[in-house]
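Enquirer: Sequence isn't available, so here's the structure alone:
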């Protein structure tokens with residue numbers, strides 16, 4: 001799996017309320033959630049970003065509550081992946097459960113700047129900054145987790161497995 005896009009930069013400890021504010025949790029409609037993604041971190045983010053972009057961030061991205069709305073909002077907005085120094089563990093699992101690829105890389109997190117174009121090879125874990133010609137290493141996504149992403153998340157993966165066995 002290869003991912004390529006323009007980056008948007010956020011700092012450390014971006015919690016789930018910054019990703020999708022609680023005032024919008026009266027819906028689980030991904031399209032509606034996408035309209036408000038990252039709103040409390042950058043009020044104009046959903047207007048500026050484009051489908052295919054990538055978020056980069058510091059440490060502890062997705063901390064706070066365990067709501068799945070946060071990775072759903074990111075994915076529904078068209079963000080292809082998130083690269084951060086580290087992720088809150090529940091966000092990490094929720095991201096893969098809904099099919100959002102995420103990559104932990106301290107070096108990439110510290111070096112990639114907003115607006116850089118990057119390319120990520122999920123198989124090898126190599127992140128290339130095409131703007132600066134730098135290369136960083138992240139843990140590659142294991143094949144099973146790539147299957148989850150390719151299927152659209154755990155629910156869709158399970159439906160496909162059940163349909164095959166029926």
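Expert: Great, that's in hand. All figures in this text were calculated on a predicted structure; none of them were measured in a lab. Numbers count the residues shown, from 1 in each chain.

Enquirer: residue boundaries of the helices in the chain?
Expert: Remark: helices assigned in the chain by DSSP state H are 16-19, 30-34, 45-48, 69-76, 89-98, 106-111, 143-151, 154-165.

Enquirer: Please convert these to CSV, extending it with mean pLDDT, mean neighbour count and distance to residue 82.
Expert: Where C-beta positions appear, they are placed from N, C-alpha and C, glycine not excepted. Shown next, in CSV, are the helices of the chain (pLDDT from 0 to 100; neighbours: other CB atoms under 10 Å; distance: least, CB to CB, whole Å):
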stretch, mean pLDDT, mean neighbour count, distance to residue 82
helix 16-19, 95, 23, 10
helix 30-34, 94, 16, 15
helix 45-48, 93, 13, 13
helix 69-76, 96, 26, 7
helix 89-98, 93, 20, 7
helix 106-111, 96, 17, 10
helix 143-151, 89, 15, 12
helix 154-165, 90, 12, 18
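
Enquirer: Is it possible to get a markdown table of those helices that adds distance to residue 131?
Expert: Converted to a markdown table, those look like this (distance: least, CB to CB, whole Å):
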| stretch | distance to residue 131 |
| --- | --- |
| helix 16-19 | 25 |
| helix 30-34 | 26 |
| helix 45-48 | 18 |
| helix 69-76 | 22 |
| helix 89-98 | 25 |
| helix 106-111 | 10 |
| helix 143-151 | 25 |
| helix 154-165 | 34 |
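
Enquirer: What distance do you get for residue 98 to residue 116?
Expert: Residue 98 sits 26 Å away from residue 116, taking CB to CB, to the nearest Å as the criterion.

Enquirer: quick one on the thing from earlier: the helices of the chain: which one's closest to residue 60?
Expert: For residue 60, the closest of those is helix 89-98, at 9.1 Å, according to CB to CB.

Enquirer: what's the angle from that closest one to helix 143-151?
Expert: 60 degrees (axes from the mean of the first three to the mean of the last three CA atoms, to 10 degrees).

Enquirer: Now do helix 89-98: which elements does it pack against?
Expert: Applying 3 or more CB pairs under 8 Å, 6 or more residues apart in numbering; DSSP states H and E, one finds that helix 89-98 contacts helix 69-76, strand 102-104, helix 143-151, helix 154-165.

Enquirer: for those, which one sits closest to residue 83?
Expert: Between residue 83 and the helices and strands packed on helix 89-98, the shortest gap by CB to CB is with strand 102-104, which sits at 4.7 Å.
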